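# curious how this folds, go ahead:
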Amino acid sequence: MALNVGDVNRRTRRLRVRESKNGEPRDVPIPAKVLAMLDLDRDRDEPLFVSSAGYRLDRNRWSARVWRPARERAGFPDLHVHDLRHTAASIMIDAGATPRTSRPHSATSRPR
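Presented below is the predicted three-dimensional model:
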């Protein structure tokens, strides 16, 4: 989770992911409600997401301490974070969005 405060553009409501899965940067839209929840009044080089102790979130620790226990409690022990992207895109399509218009929200490289 190597995102910094400076990766968020308030004006365009977009997040710059500098290191995506395919190695290329990408911009992801941020809904206004989510943007309002982010603490952006910090130095642009500070981590966007921090632990309760104030340190940058570590993906493996977050997974072990938060994600795995949550999915177990929810009854989905095999659920992966990536699965939620697909679920969100499916919900958008069910609500009338096309695969092309749902693409920026699911951060896939091309519609399927």
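
# how about low-confidence regions in this protein?
Scanning the chain for pLDDT under 70 picks out the ranges 1, 101-112.

# let's go with 90 and repeat that
The chain contains residues with pLDDT under 90 at 1-2, 18-31, 50-55, 57-62, 81-112.

# can you give me the helices for it?
Using DSSP state H, the helices found in the chain span residues 32-37, 59-62, 68-74, 81-94, 99-106.

# deepest of these, which one?
Compared across the helices of the chain, helix 99-106 shows the largest average neighbour count, a mean of 14 (mean count of other Cβ atoms under 10 Å). In short, each C-beta sits where N, CA and C put it, glycine included.

# Arg42: how many residues sit nearby?
14 (other Cβ atoms under 10 Å).

# if you skip the residues just before and after it, what's nearest to it?
Val5 (5.1 Å; Cβ to Cβ, 6 or more residues apart in numbering).

# so the one you found touches Phe49, yeah?
No: using Cβ atoms under 8 Å, Val5 makes no contact with Phe49, being 9.9 Å away.
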